[in-house]
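**Q** following is a predicted model, sequence given first.
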Amino acid sequence: MAEINITNLNIESFRHAVGGRVFTVEFYKKPETAEEKRLGRGEYRKLNARLNVKKYVKGTQPETTAKRRETNEERNQIGVYEMRGTSDRIEEGTPDEETFQAKNYRIIPLSADRLISLTVDGVKHVNEVLTRPPFFS
């Protein structure tokens, strides 16, 4: 697999790199609290996910889908399905309880200041900007 430059990743290149495979992504959520804003990053998240999972989607209206797609493109983020059993944020239930699995959809940022790493086919691609040790003068 070719090296993926995750410091300059957009939705199209992310989709191309990941394809239909399961992948692991590490990122920082958007800063929400005053402390997170002071630090310049939100809560750390790591999850295993897939693209193009539509099993638990109950149907969408074209206007809503178009608006969501436009918003994601503007913010350079992508919707994924978080795999069951990979996170304590996923509500557990019996496999036939679709309401539980439907809550596993997530939005992940692709911006260089929030995306830490992407692992596809066992190859980890790291954002050098976020993982570089701080420079002390």
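**A** Nice, I can see it.

**Q** for the protein, what helix or strand is lowest in average pLDDT?
**A** helix 98-102 (a mean of 55; mean pLDDT, DSSP states H and E).

**Q** buried sites along stretch 104-124?
**A** 104, 106, 108-112, 114-120 (16 or more other Cβ atoms under 10 Å). Quick note: C-beta positions are derived from backbone N, CA and C, even for glycine.

**Q** now do stretch 32-51
**A** For stretch 32-51, the neighbour count (16+ other Cβ under 10 Å) marks Arg41, Gly42, Arg45, Leu47, Asn48, Ala49, Leu51 as buried.

**Q** name the residue closest to the centre of the chain, please.
**A** Centrality entry for the chain: nearest residue to the mean C-alpha point is Ile108, 2.7 Å, by Cα atoms, centre = their mean.

**Q** pull the CA atoms of the helix or strand where that residue lies into PDB?
**A** Using DSSP states H and E, Ile108 maps to strand 105-109. This file holds the C-alpha atoms of strand 105-109, laid out as PDB (Å, rounded to 0.1, in the frame of the first residue of the first chain):
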ATOM      1  CA  TYR A 105     -22.600   6.300  13.100                       C
ATOM      2  CA  ARG A 106     -19.800   8.900  13.700                       C
ATOM      3  CA  ILE A 107     -18.300  12.000  12.000                       C
ATOM      4  CA  ILE A 108     -14.500  12.100  12.000                       C
ATOM      5  CA  PRO A 109     -12.400  15.100  11.100                       C
END
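
**Q** for that strand, packing partners?
**A** strand 23-28, strand 44-50, strand 77-82 (3 or more Cβ pairs under 8 Å, 6 or more residues apart in numbering; DSSP states H and E).

**Q** which elements pack onto the second one?
**A** The one in question is strand 44-50. strand 23-28, strand 77-82, strand 105-109.
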